[in-house]
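Enquirer: Quick one, what's the 3D model for this:
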Amino acid sequence: MFNGHKKHTIYVDKVVDLGVTMDKNLKFSAHVSTICCKANSRANVIHTCFYSKDTSSVLSAFKTYVMPIVECNSVVWNPFLIKDITTLEAVQAPALHKADSRNEVARLSLYRSVHCA
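Expert: Modelled structure (predicted):
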C-alpha cells in the first residue's frame, strides 16, 4: 500500500501462498493442523459411508481420497518439526485401524503398503 512517497508495510502473523500456510517464523504448523483436520474428516466419511471386508478396496479409497490432501505441495512445506511429523503420521493410524480392526496381520500389511507406496 502506497501513501504518497511513503511505503507502508503490513505485518501479519501468517500468510497463505499457493495453498500453503506459513507463519512469521517460517513454520508450517498451522498448515499441518489444517490439512490433518481435512484428511481426518475425509477418512471418517470414507469409514462411515464405505463398508467393505476387502481391505484392498478400503486402502484404495484411503490412498485416493485422503493421501492427496496430506501430500499436496509436500515438497514445499516438508515438515521438520517432530510435532508436525507426528501429527501427519497420526492421520494414517485411525484410518488403517478402521480398515480392518479384526485382523492384525492385514492391518500391518496395510500400514506397510501405505508407507512403501
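Enquirer: For the rest of this, base every contact and every neighbour count on C-alpha atoms.
Expert: Noted.
Enquirer: Show me the strands in this protein, by range?
Expert: 2-3, 6-7, 14-17, 20-23 (DSSP state E).
Enquirer: comparing the ones you listed, which gets the lowest mean pLDDT score?
Expert: Among the strands of the chain, strand 2-3 carries the lowest mean pLDDT, at a mean of 56.
Enquirer: what's the pLDDT at Ala106?
Expert: 56.
Enquirer: on that earlier part again, out of the strands of the chain, which is the most enclosed?
Expert: strand 20-23 (a mean of 18; mean count of other Cα atoms under 10 Å).
Enquirer: Please determine how far the residue nearest the centre of the chain is located from Asp84.
Expert: Among the residues of the chain, the one closest to the centroid is Val70, at 3.0 Å (Cα atoms, centre = their mean). Using Cα to Cα, to the nearest Å, one obtains 12 Å as the distance from Val70 to Asp84.
Enquirer: any shared contact partners between those two?
Expert: Residues touching both Val70 and Asp84 (Cα atoms under 8 Å, 6 or more residues apart in numbering): none.
Enquirer: Now distance to Lys53 too, for the strands of the chain, in CSV please.
Expert: Formatted as CSV, the strands of the chain follow (distance: least, Cα to Cα, whole Å):
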stretch, distance to Lys53
strand 2-3, 62
strand 6-7, 63
strand 14-17, 40
strand 20-23, 36
